[in-house]
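K.L.:
Give me a 3D structure for the following:
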Amino acid sequence: MAEILPARSPELDLCVRIACVDWRTSATRNWAGVFDRPVDWRRFRWLAHRHQIRPMVALALKESGWPGGSAAIRDDIEGAGQTRTLAAMGQLEMLCRVRRAAAAAGVRMMALKGGALSMQLYGPPCIRESFDSDILVSQDDLGAIDRILTREGFLSPLRPHSERQARLVESFHKDRRYYHPGRRLWLDCHWRVTASRHLLPLSFDEAWQSRDEVAVGGVAIPVLSGIPLMLYLGCHGSWHKWTRVKWLGDMAALASRMGPAEFSGLRRGAEAVGLGDLLGSWLILLAGMAGVAVPGAELAWAMSRPRSRRLAAGGVDGAALRTIDEVTGADLPMARTRVTLYAMGLKRDWRYLADFLLHAAHRQEDWRKFNLPDAAIPLYYILRPVVWACRRLIGS
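P.N.:
Here you go, the predicted structure:
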């Protein structure tokens, strides 16, 4: 395994170990030896922020007796953990409001990631840090859910100027972003689970039929479950080149409860939708980075696939990749390009590649900024490459 997965810095390794530990309420965590390696605590604090594991880090350091770091760094980590915990509580409260309104309107809605996933995988609703909330609805219900979110106080800064442009965006994207200015909450409304319909061809009806539920404040929130959930988590992490180790932690939490029969079923399900190589990379990452006990037969199958090994190595590289400047917080254009190129090679399927390129050509923010009338839509395809090149040269 060591010859496949690149070495990790002590700070990144510590982030991975914290993200992939058993965070269930009933678990007894043993931190002996975890903090023995010398680390740059300032760098570790920044990585905890970048990988969005601050509540986990704060609790891990508290349980281990604060083994290092200055008082200022301790205060910063504890404060950030508390802030993100409060933010998660606000996200869950709003998710319940939206769910009740959707149920009253007869709109089927599921939660993706966020506090609902935290409860599903870990038990505590606020241990998993989330920047925003994500919901999944049928594409037929987009108009209804838009009216519900508008009534709840959400605004959509990415809403196109016309129905024709909205249909184009819906064809090549998976979600629309909403913002609640009063509560300062972001919410992404998905009509597909992946940006490319040919990466994970999971329809809303299929997801709904195999759904599970978590109870949040007396409200039943439908969520993905079983093989669809594992495939979704893996595809989501791979699409972003594993630039958040919390996504690997989510997969580890789910995989640690699976037996040989479940792993075998996962393999069959992945191969049925053309994700065999990608699944192999996840199994290598789970065994080599997260310490999950992957069955020997499945791990040997994964290790025998050259593309799985390459994708797994790229995943470690993505986890270590600096995608934003540590001082200014600005995107690093070349890092984003590496993530894009990695995502482009996830699946050997010409339909996936065509869909990927069309997705990349239809940046939602630009439809709003260009403010083109429908008659001038062809002009978008001239302006878009120019804007893309400028963004890569001077930053977003």
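K.L.:
pLDDT averaged over stretch 371-385, what's the number?
P.N.:
On average, the pLDDT along stretch 371-385 is 82.
K.L.:
For that stretch, list the C-alpha coordinates in PDB.
P.N.:
Output of stretch 371-385 as PDB, limited to C-alpha atoms (Å, rounded to 0.1, in the frame of the first residue of the first chain):
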ATOM      1  CA  ASN A 371     -27.200  39.100 -18.300                       C
ATOM      2  CA  LEU A 372     -27.800  38.100 -21.900                       C
ATOM      3  CA  PRO A 373     -31.200  38.100 -23.600                       C
ATOM      4  CA  ASP A 374     -32.300  34.800 -25.000                       C
ATOM      5  CA  ALA A 375     -31.500  35.900 -28.600                       C
ATOM      6  CA  ALA A 376     -27.800  36.400 -27.600                       C
ATOM      7  CA  ILE A 377     -27.300  33.000 -25.900                       C
ATOM      8  CA  PRO A 378     -24.800  31.900 -28.600                       C
ATOM      9  CA  LEU A 379     -22.600  34.800 -27.500                       C
ATOM     10  CA  TYR A 380     -22.200  33.100 -24.100                       C
ATOM     11  CA  TYR A 381     -20.100  30.300 -25.700                       C
ATOM     12  CA  ILE A 382     -17.700  33.000 -27.000                       C
ATOM     13  CA  LEU A 383     -17.500  34.900 -23.700                       C
ATOM     14  CA  ARG A 384     -17.200  31.800 -21.500                       C
ATOM     15  CA  PRO A 385     -13.800  30.600 -22.700                       C
END
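K.L.:
Show me the contact partners of that stretch.
P.N.:
With contacts defined as CB atoms under 8 Å, 6 or more residues apart in numbering, stretch 371-385 is touched by 161, 162, 164, 165, 168, 361, 362, 363, 366, 367, 370. For glycine as for every other residue, the C-beta is placed from the backbone atoms N, C-alpha and C.
K.L.:
what's the distance between stretch 113-121 and the middle of its chain?
P.N.:
12 Å (CA atoms, centre = their mean, to the nearest Å).
K.L.:
Over to stretch 132-139?
P.N.:
On CA atoms, centre = their mean, the centre of stretch 132-139 falls 13 Å from that of its chain.
K.L.:
and what of stretch 238-251?
P.N.:
6 Å.
K.L.:
Help me confirm that residue 102 comes into contact with residue 96.
P.N.:
No. With contact defined as CB atoms under 8 Å, residue 102 does not count as touching residue 96 (10.7 Å).
K.L.:
are any of the contacts of stretch 371-385 buried, and which?
P.N.:
Buried members of these, scored by 16 or more other CB atoms under 10 Å, are 165, 168, 362, 363, 366, 367, 370.
K.L.:
Narrow the residues you listed to those in helices?
P.N.:
165, 168, 366, 367, 370 (DSSP state H).
K.L.:
Please enumerate the helices of the stretch 51-200 of the chain.
P.N.:
54-63, 71-104, 114-121, 142-151, 163-172 (DSSP state H, counting those that start in this stretch).
K.L.:
any chance of the ones you listed in CSV, with mean pLDDT and distance to residue 48 too?
P.N.:
Output for the helices of the stretch 51-200 of the chain, formatted as CSV (pLDDT from 0 to 100; distance: least, CB to CB, whole Å):
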stretch, mean pLDDT, distance to residue 48
helix 54-63, 93, 4
helix 71-104, 93, 7
helix 114-121, 93, 17
helix 142-151, 94, 31
helix 163-172, 81, 34
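K.L.:
hey, which of the ones you listed is tucked in deepest?
P.N.:
helix 114-121 (a mean of 25; mean count of other CB atoms under 10 Å).
K.L.:
related to what we said a few turns ago, save the buried ones among the contacts of stretch 371-385 as a markdown table, and put in distance to residue 145 too.
P.N.:
Below are these laid out as a markdown table (distance: CB to CB, whole Å):
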| residue | distance to residue 145 |
| --- | --- |
| 165 | 19 |
| 168 | 19 |
| 362 | 21 |
| 363 | 23 |
| 366 | 24 |
| 367 | 20 |
| 370 | 26 |
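K.L.:
Which one of the residues you listed is nearest to residue 176?
P.N.:
Residue 176 has its nearest neighbour among the buried ones among the contacts of stretch 371-385 in residue 367, at 11.1 Å by CB to CB.
K.L.:
my read: the closest one touches residue 165, true?
P.N.:
Yes. Using CB under 8 Å, residue 367 is in contact with residue 165, at 5.6 Å.
K.L.:
Which one of the helices of the stretch 51-200 of the chain lies nearest to residue 256?
P.N.:
The closest of the helices of the stretch 51-200 of the chain to residue 256 is helix 114-121. By CB to CB, the value is 9.8 Å.
K.L.:
Would you mind writing the CA trace of the closest one as PDB?
P.N.:
Output in PDB follows, covering the C-alpha atoms of helix 114-121 (Å, rounded to 0.1, in the frame of the first residue of the first chain):
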ATOM      1  CA  GLY A 114     -25.100  18.200   6.500                       C
ATOM      2  CA  GLY A 115     -26.600  17.600   9.900                       C
ATOM      3  CA  ALA A 116     -28.800  14.800   8.700                       C
ATOM      4  CA  LEU A 117     -25.800  12.800   7.500                       C
ATOM      5  CA  SER A 118     -24.000  13.600  10.800                       C
ATOM      6  CA  MET A 119     -26.900  12.000  12.700                       C
ATOM      7  CA  GLN A 120     -27.100   9.100  10.200                       C
ATOM      8  CA  LEU A 121     -23.400   8.200  10.400                       C
END
